[in-house]
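Participant: Generate coordinates for the sequence data below:
(4 chains, ligands or ions: 4)
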Protein chains: 2
Amino acid sequence: MMNAMHYTRDNMAELLRSHDINPTHQRIEIAHALFSRQEHLSADQVMAIVNTRHSETSKATVYNTLRLFLDKGLVREVIVDPTKVFFDPNTSPHHHLYEIDTGRLSDIDAGQVRISGLPPLPAGMVTEGIDLIVRVRRKA
Amino acid sequence: MMNAMHYTRDNMAELLRSHDINPTHQRIEIAHALFSRQEHLSADQVMAIVNTRHSETSKATVYNTLRLFLDKGLVREVIVDPTKVFFDPNTSPHHHLYEIDTGRLSDIDAGQVRISGLPPLPAGMVTEGIDLIVRVRRKA
DNA sequence: CACCAATTTGGACTTTGTCTAATATCCGGA
DNA sequence: TCCGGATATTAGACAAAGTCCAAATTGGTG
Ligand SMILES: [Mn+2]
Ligand SMILES: [Mn+2]
Ligand SMILES: [Zn+2]
Ligand SMILES: [Zn+2]
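Facilitator: Residues are numbered from 1 along each chain as shown, chains lettered A, B, ... in the order given. Ligands and ions are numbered 1, 2, ... in the order given. Got it, this is the predicted structure:
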């Protein structure tokens, strides 16, 4: 669960190992981009961040790595903008607030929120997750 | 709200007019595709349906028209699949059930569902909508 | 019919994401 | 240290969804 402190690259390596991911140079940089910011980032943004340093990580590797992180449960995917997927370093259950005009995406703690009265699932189905998105707009 | 009966093309023209949309041939066909099926359709699917007849409607027109319908509040957009947007002829408040493996998308009536405990909105913001998506998968 | 505004259209273009075959890196054993 | 195989990275071609624009069509009015 990573109990805070600084998001050093060493700690990123540690985090990756603890999720059964071989900590390569590129993977560490990508994890660092996400976790040090604690923000929702698109693949494009991740690539831009990682390549401002020097490391030169390819597009293929960025996409491969983000998918690997997803599979290993290190990050979460947020689908809220039809033009791109966001990757979320916060994997604890929470919801999202999406500002339509600006594209800003922020977390809503799941603590207080209660969702009740959902109908039973179709037989043979299991819930993979419940996404709650509050879409807001600046008042006219 | 369109109180049922048959979704004839004449009724579609009526519906469009009532939403302040000039009922052209192409627009009627697109509305008919959505409303006669009462399903969530992607732009691609709409185009395929409309063009199985004869009318030959261009891609540009399909996209233009769907956006027009959105603006006029005739249909709703559902963002649930990162690869395409779905258009929903059901504009009454409701939620969605998404079957991850198959891509099937179905409605959850908002009647029973209650969402409580959402934090107050940031100042100067108004809620445009609340999307609740239950993602399910076939049990392993 | 002639005119004008609204609508439609083909096709070029952009963006996001995928795929593949070649290369590079890493690691354990001889 | 050198080798061999597995793992990881890469460039760039490709695909799919969506946007844009200038040209052509349509449809009503005078
Ligand atoms: Mn898109
Ligand atoms: Mn896409
Ligand atoms: Zn989040
Ligand atoms: Zn729906």
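Participant: could you point out the longest strand in chain A?
Facilitator: Criterion DSSP state E: the longest strand present in chain A is strand A:125-138.
Participant: list the contacts for A:Tyr63?
Facilitator: A:Tyr63 makes contact with A:Ala43 under the criterion CB atoms under 8 Å, 6 or more residues apart in numbering or on different chains. Yep, even glycine has a C-beta here, placed from its N, CA and C like the rest.
Participant: give me phi/psi at it?
Facilitator: Reported as degrees, to the nearest 10, the phi and psi values for A:Tyr63 are phi -70, psi -40.
Participant: for the helix or strand encompassing A:Tyr98, packing partners?
Facilitator: Using DSSP states H and E, A:Tyr98 falls within strand A:94-99. In terms of contact count using 3 or more CB pairs under 8 Å, 6 or more residues apart in numbering or on different chains; DSSP states H and E, strand A:94-99 is assigned the packing partners strand A:76-81, strand A:105-109, strand A:125-138.
Participant: between those strands, which gets nearest to DNA strand C?
Facilitator: Comparing the helices and strands packed on strand A:94-99 against DNA strand C with CB to the nearest atom of the strand, the closest turns out to be strand A:76-81 (8.8 Å).
Participant: Could you see whether DNA strand D lies near the closest one?
Facilitator: No - counting by CB under 7 Å from any atom of the strand, DNA strand D has no neighbours in strand A:76-81; the shortest distance is 10.9 Å.
Participant: Using PDB, write out every CA atom in that strand.
Facilitator: Once non-C-alpha atoms are left out, strand A:76-81 reads as follows in PDB (Å, rounded to 0.1, in the frame of the first residue of the first chain):
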ATOM      1  CA  ARG A  76      -6.400   2.000 -12.100                       C
ATOM      2  CA  GLU A  77      -7.900   3.100 -15.300                       C
ATOM      3  CA  VAL A  78     -10.400   6.000 -15.400                       C
ATOM      4  CA  ILE A  79     -12.700   6.300 -18.400                       C
ATOM      5  CA  VAL A  80     -14.300   9.700 -18.400                       C
ATOM      6  CA  ASP A  81     -13.000  11.500 -21.500                       C
END
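Participant: Export the strand holding A:Tyr98 to CSV, keeping only CA atoms.
Facilitator: What follows is strand A:94-99, C-alpha atoms only, in CSV (Å, rounded to 0.1, in the frame of the first residue of the first chain):
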residue,chain,number,x,y,z
HIS,A,94,-12.9,6.2,-4.7
HIS,A,95,-15.0,8.2,-7.1
HIS,A,96,-14.3,11.0,-9.5
LEU,A,97,-15.3,14.6,-10.1
TYR,A,98,-14.8,15.6,-13.7
GLU,A,99,-14.8,19.3,-14.7
